[in-house]
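>>> return atomic coordinates for the entry below.
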Amino acid sequence: MQPLIDHARAHGQRPEEFARLAEGQSPQVLFITCSDSRVVPALITGARPGELFELRTAGNIVPPYISQQPTSEAATIEYAVEVLGVSEVVVCGHSHCGAVGALVRDEDLTAVPAVREWLAHATPRPAGTVEDPTVAEAVQSHVLTQLLRLRSYPCVDKRLSDGRLRLHGWYYEVHTGSVLAHRPQTDTFAAL
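Below you'll find the predicted structure:
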């Protein structure tokens, strides 16, 4: 913990670098990814403060849109699209994902009931090879499912229809640092 504290102290010693951020934010991208500590959106993209609006959830799950039961995730998506006017949304899954791996391997999650209930939002269960430690196929399939789920959000659907929003599916390899993007023309993931 001490190295993190030391960095936080030093970080606050350069206020001139951050003064413009007090004027507001205008990110172009909503970046939806996993809570996994190995996935660092700003590191992956090179984004500076104010350039990405992030939504991090276990397994980069986008829950179903239910207007009568708003969720934090739905509020974040709606705010990014309607208020901030992002023009791009990236759903980024990653290799070695514990959440997707648990689903693929049908792990017993009774000891972590909140996790079990959260992962139930990942339906349909991602298809993939149980023996693959990277769960690449399953994660990529899961990313596409989350993109479809996003389309059910009224604010996303409206902006997609009028051409003000584009969706992207990414797959990040934690073991190589490579990023693959879904290519709709071929329905494959290929290097950016």
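
>>> quick one: contacts for Thr110?
Arg116 (C-beta atoms under 8 Å, 6 or more residues apart in numbering). For glycine as for every other residue, the C-beta is placed from the backbone atoms N, C-alpha and C.

>>> ah, wrong one, I meant His142
Contacts of His142 by C-beta under 8 Å, 6+ apart are 59-60, 93, 97, 100, 103, 122, 126.

>>> what's the longest helix in this structure?
helix 136-151 (DSSP state H).

>>> distance from that one to the middle of the chain?
Its chain's C-alpha centre and that of helix 136-151 lie 11 Å apart, by C-alpha atoms, centre = their mean, to the nearest Å.

>>> buried residues of it, list them for me.
For helix 136-151, burial by neighbour count (16 or more other C-beta atoms under 10 Å) applies to 136-147, 149-150.

>>> and that helix, what's its mean pLDDT?
Taken as a whole, helix 136-151 has a mean pLDDT of 96.

>>> what's the angle between the helix or strand where Val90 lies and helix 136-151?
Here Val90, judged by DSSP states H and E, is contained in strand 88-94. If you take axes from the mean of the first three to the mean of the last three C-alpha atoms, to 10 degrees, strand 88-94 sits at 150 degrees to helix 136-151.

>>> buried ones in strand 88-94?
Residues 89-94 are the ones in strand 88-94 that count as buried (16+ other C-beta under 10 Å).

>>> show the subsequent helix or strand relative to that strand.
Where DSSP H and E defines the elements, the next helix or strand beyond strand 88-94 is helix 98-104.

>>> contacts for that following helix, please.
Helix 98-104 has contacts (C-beta under 8 Å, 6+ apart) with 34, 36, 58-59, 61, 93, 107, 109, 115, 119, 122, 125-130, 133, 135, 138-139, 142.

>>> before we move on, what about stretch 30-47?
Everything outside stretch 30-47 that qualifies as a contact, by C-beta under 8 Å, 6+ apart, is 29, 48, 51-60, 62, 76-77, 80-81, 84, 86, 88-94, 96-99, 146, 150, 172, 174, 179.

>>> returning to that earlier point: by contact count, what packs against the strand holding Val90?
Counting contacts by 3 or more C-beta pairs under 8 Å, 6 or more residues apart in numbering; DSSP states H and E, strand 88-94 packs against strand 29-34, helix 136-151, strand 166-172.

>>> how many degrees apart are the second one and strand 29-34 in direction?
It stands for helix 136-151. Using the same axes, to 10 degrees: helix 136-151 against strand 29-34 is 130 degrees.

>>> and helix 136-151 with strand 166-172, angle?
Using the same axes, to 10 degrees: helix 136-151 against strand 166-172 is 160 degrees.

>>> right, and the helix or strand after helix 136-151?
For helix 136-151, the following helix or strand on the C-terminal side (DSSP H and E) is helix 154-161.
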